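Q: sequence plus predicted model, see below.
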There are 2 protein chains.
Amino acid sequence: MTKDEMMALVDRSLFATLGYTDEKGRPNMRRVFCVWHKGLGRHLISTNTGSSHVRSLMRNDKACLYFSDDVSFEGLCLYGRAAARFEREYRELLWNEGDEKYYPKGVEDEDYCVLEFTADSGRYYRYDGKGDLTAADIAAFDTGREYENGYERSRPGARAGAPANEDARAPAAQ
Amino acid sequence: MTKDEMMALVDRSLFATLGYTDEKGRPNMRRVFCVWHKGLGRHLISTNTGSSHVRSLMRNDKACLYFSDDVSFEGLCLYGRAAARFEREYRELLWNEGDEKYYPKGVEDEDYCVLEFTADSGRYYRYDGKGDLTAADIAAFDTGREYENGYERSRPGARAGAPANEDARAPAAQ
């Protein structure tokens, strides 16, 4: 699986699965809406500050983020750390019209935050083989990239079929 | 979300995500083909004995198993433990015609094993609310149940659309 194929998998995914260790010391995971990516190494997830996975990650930031496609039998598990970002630049980047429904105080609502996942390695799985992604691989691939909405980028002609913002936000709570 | 709705989500899922702590102490996960269930509490996954997630689980058996539907916005995360079963009853239950392609020595091939995940609690997520599932809830719901292929049970008229065995097995390696 080439790095471009991994990036395509990430870009066309609306959701990823975030794995972490919870406050009881258990492996835990959450299905998250995740479309903002800076290459393979950085990913943003907007979420509620009070969510249990945010609380857990503030105590232990080790995490993994898994993108997969059950139809093409491709999977990419990224390993690294997740941090809650409260800076305005992150809040504004992920804010969508209508989000006041979830965060009545707007972009500065204290219950609104953005999780940033940073990968230091990864492993890919596909019917034709599996292998590792190193920190150097990620750094080389990501050089010069900025945060982009990969889902929009991967479906330029498909906006009508993309979920409305309300729908897209709901599963952040899954 | 009622327990019957959770069971329906589990039954119609071909795949689940298995979360565990790997040998490096990292949260890790694997997408697994998982259709054999004994109620909400027990789930079987056939896999290669030599897989890294099996090795990790033999050292630390704490695990979680997540079933989700991105269309209906439902998710169920089960917490518990996973154990590798080598007994013939498990091997025979999950063995399918043609599996010799993966395990040339047949049902007794030492690289073939079955992971059994046993849940002691859970948490469900849906657009209309989330909540906990206790050990007592699981025990009460599962009383008298036996292992069944939930996917076949949930799609009695849809066998033509179900994946061929080869396809269904491939993603076990994702």
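A: Now that the structure is in, tell me what you want to look at. Computed from a predicted model, the values in this text were never measured in an experiment.

Q: now the residue of chain A positioned farthest from its centre: closest residue in space, sequence neighbours ignored.
A: Relative to the average C-alpha location in chain A, and by Cα atoms, centre = their mean, no residue lies farther out than residue A:128, which sits at 25.4 Å. On the basis of Cβ to Cβ, 6 or more residues apart in numbering or on different chains, the spatially nearest residue to residue A:128 that is not a chain neighbour turns out to be residue A:1, at 7.7 Å. C-betas here are computed from N, CA, C, even on glycine.

Q: how deep is the one you found tucked in, by neighbour count?
A: Other residues within reach of residue A:1, judged by other Cβ atoms under 10 Å in any protein chain shown, total 19.

Q: show me what contacts it?
A: In this structure, residue A:1 makes contact with A:74, A:76, A:124, A:126, A:128-129, A:131, judged by Cβ atoms under 8 Å, 6 or more residues apart in numbering or on different chains.

Q: which of the helices and strands in chain A ranks last by mean pLDDT?
A: Of the helices and strands making up chain A, the lowest-confidence element is helix A:165-169, at a mean of 41, by mean pLDDT, DSSP states H and E.

Q: is stretch A:20-40 anywhere near chain B?
A: Yes: Stretch A:20-40 comes into contact with chain B (Cβ under 8 Å from any Cβ of the partner chain), by way of A:20-21, A:25-31.

Q: just the helices in chain A please.
A: With DSSP state H as the definition, chain A shows helices at residue ranges A:3-12, A:52-59, A:88-94, A:135-142, A:150-154, A:165-169.

Q: who does the third one touch, helix- and strand-wise?
A: For helix A:88-94, the elements it packs on are strand A:42-48, strand A:112-126, judged by 3 or more Cβ pairs under 8 Å, 6 or more residues apart in numbering or on different chains; DSSP states H and E.

Q: name the helices or strands packed onto the last one?
A: Going back to what we said before, that points to strand A:112-126. Strand A:112-126 sits against strand A:42-48, helix A:52-59, strand A:62-69, strand A:74-85, helix A:88-94, strand A:129-133, helix A:135-142, with contacts defined as 3+ Cβ pairs under 8 Å, 6+ apart.

Q: contacting residues for the residue positioned nearest the centre of chain A?
A: Taking Cα atoms, centre = their mean, the centroid of chain A lies closest to residue A:34, which sits 3.7 Å from it. Residues near residue A:34 by Cβ under 8 Å, 6+ apart: A:13-16, A:18, A:43-45, A:65.

Q: what parts of chain A come near chain B?
A: Residues of chain A lying close to chain B (Cβ under 8 Å from any Cβ) are A:14-15, A:17, A:19-21, A:25-31, A:62-64, A:66, A:68, A:70, A:73-75, A:77, A:79, A:125-127, A:130, A:170-171, A:173-174.

Q: separate out the buried members of those.
A: A residue is treated as buried here by neighbour count (16 or more other Cβ atoms under 10 Å in any protein chain shown); on that basis the buried members of the residues of chain A next to chain B are A:14-15, A:17, A:19-21, A:26-31, A:62-64, A:66, A:68, A:73-75, A:77, A:79, A:125-126, A:170-171, A:173-174.

Q: re earlier: need the helices and strands packed on helix A:88-94 in JSON lines (columns: mean pLDDT and distance to residue A:83).
A: Rendered in JSON lines, the data for those read as follows (pLDDT from 0 to 100; distance: least, Cβ to Cβ, whole Å):
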{"stretch": "strand A:42-48", "mean pLDDT": "95", "distance to residue A:83": "11"}
{"stretch": "strand A:112-126", "mean pLDDT": "96", "distance to residue A:83": "5"}
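
Q: among those, which comes closest to residue B:136?
A: Evaluated with Cβ to Cβ, those place strand A:42-48 nearest to residue B:136, the distance being 28.9 Å.

Q: quick one, that closest one and helix A:3-12 angle?
A: Using axes from the mean of the first three to the mean of the last three Cα atoms, to 10 degrees, the interaxial angle of strand A:42-48 with respect to helix A:3-12 works out to 20 degrees.

Q: strands paired with strand A:42-48, and their directions?
A: Strands flanking strand A:42-48 in the sheet, each with its direction: strand A:36-38 (antiparallel), strand A:112-126 (antiparallel) (DSSP bridges).

Q: what's the neighbour count on residue A:155?
A: Around residue A:155 sit 14 other residues, with neighbours defined as other Cβ under 10 Å.

Q: sorry, back to before: just send the helices and strands packed on helix A:88-94 back as CSV, with distance to residue B:8 too.
A: Below are the helices and strands packed on helix A:88-94 laid out as CSV (distance: least, Cβ to Cβ, whole Å):
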stretch, distance to residue B:8
strand A:42-48, 27
strand A:112-126, 28
